[in-house]
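1. Pasting a predicted model and its sequence here:
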Amino acid sequence: MTGPEIQMQDENWASNWREFPWWLVAIIGFLVVMIILIITDPEINEAFKFIIPGIWITLQITLSAFALALIIGLLAGLGRISKNALIRNVAITYVEFIRGVPTLVLILTLAFVLVPTISEAVGINNRDVSVEARGIVALAIIYGAFLAEIFRAGIESIAKGQMEAARSLGMSYRQAMQYIILPQAVRNISPALGNDFIAMLKDSSLMSVLAIRELTQRARLYAGSTFRFQESYLVLTFCYLTMTIVLSLLLRWYENRLGKDAR
């Protein structure tokens with residue numbers, strides 16, 4: 001083997017070494033260690049059994065809130081680009097208001113101020129509204145503002161000529177938006193929507209302030225009753241990290257597939 005070939009091999013090896021996902025190896029190592037401890041350590045196993053049922057509440061809240069947030073975000077995003085000054089300013093006010101207040105403060109305000117106000121306005125007893133419903137509404141309204149900006153950017157990324165072409169073919173503005181613009185925009189912004197879904201999954205831990213028995217609240221209850229803080233919060237970290245890593249890898253696979261399809 002000649003000198004240049006050896007040098008090229010060394011450069012390729014060095015490049016592969018640098019680009020290898022060592023971060024993923026480290027995280028998988030932590031998860032493997034935790035799985036071993038959950039199986040072999042009685043105290044960690046006990047904490048895991050108490051905390052893990054909360055995963056279903058966490059997923060239920062996240063999926064429900066994200067579905068509602070998509071609707072709110074789409075409407076607010078369309079409002080952000082509306083030619084109607086009133087609609088546009090209402091949408092901008094909503095987005096800027098949500099972005100200007102801490103998430104925890106918004107959750108408390110929406111759950112204990114907005115939801116009771118709306119309940120009384122429509123004739124529903126405030127006590128009949130569950131804390132889970134309050135949490136879902138709060139997360140949906142909060143993330144609707146962030147999704148609104150994503151939808152707005154996605155719509156504006158589509159060439160204006162496509163709207164003009166659709167209108168020239170006799171389509172109404174609504175038809176052009178529904179059949180031409182939005183399908184392309186959603187495809188472009190789907191990775192960003194995936195990132196916000198993962199962010200919402202993590203922020204669902206804030207539902208513990210409403211005493212909803214999701215993962216974080218169950219970990220707090222277990223730690224408070226047994227004083228095993230180390231075991232409780234290691235298991236909690238393991239649960240969230242497992243979910244977010246799996247979702248992140250799925251999202252990366254989807255992004256790579258989109259890139260290949262675009263070629």
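-> Looks like it came in fine.

2. what residues does stretch 213-229 touch?
-> Contacting residues not belonging to stretch 213-229 are listed as 43, 47, 50-51, 53-55, 57-58, 61, 204-208, 211, 232-233, 235-236, 239-240 [CB atoms under 8 Å, 6 or more residues apart in numbering]. Just so you know, the C-beta spots here come from the backbone N, C-alpha and C atoms, and that holds for glycine as well.

3. What are the buried residues along that stretch?
-> Within stretch 213-229, the residues that count as buried by 16 or more other CB atoms under 10 Å are 213, 214, 215, 216, 217, 218, 219, 220, 221, 222, 223, 228.

4. related to what we said a few turns ago, mind checking which of the contacts of stretch 213-229 land in helices?
-> 43, 47, 50-51, 54-55, 57-58, 61, 232-233, 235-236, 239-240 (DSSP state H).

5. farthest pair in the buried residues of stretch 213-229?
-> Taking CB to CB, the two most distant members of the buried residues of stretch 213-229 are 214 and 228; they sit 19.3 Å apart.

6. mind listing what residue 132 touches?
-> 57, 60, 61, 212.

7. Now, of the residues you listed, which are buried?
-> 57, 61, 212.

8. May I see those organised as a markdown table, with distance to residue 103 and pLDDT added?
-> As requested, these are arranged in a markdown table below (distance: CB to CB, whole Å; pLDDT from 0 to 100):
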| residue | distance to residue 103 | pLDDT |
| --- | --- | --- |
| 57 | 19 | 95 |
| 61 | 14 | 96 |
| 212 | 15 | 93 |
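
9. Closest to residue 181 out of those?
-> Nearest member of the buried ones among the contacts of residue 132 to residue 181, counting by CB to CB, is residue 61, at 31.5 Å.

10. Would you mind confirming that the closest one is in contact with residue 207?
-> Yes. Counting by CB atoms under 8 Å, residue 61 does reach residue 207; the two are 6.1 Å apart.

11. host element of residue 219?
-> Assigned by DSSP states H and E, residue 219 falls within helix 215-226.

12. Kindly report the same for residue 105.
-> Using DSSP H and E, residue 105 sits within helix 103-109.

13. elements contacting that helix?
-> Counting contacts by 3 or more CB pairs under 8 Å, 6 or more residues apart in numbering; DSSP states H and E, helix 103-109 packs against helix 131-156.

14. Give the burial count for the residue nearest to residue 71 when sequence neighbours are not counted, as a bare number.
-> Leaving aside its chain neighbours, residue 71 sits nearest to residue 144 (7.8 Å; criterion: CB to CB, 6 or more residues apart in numbering). Close neighbours of residue 144, defined as other CB atoms under 10 Å, add up to 25.

15. For residue 209, list the residues it contacts.
-> Residue 209 is in contact with 104, 107, 108, counting by CB under 8 Å, 6+ apart.
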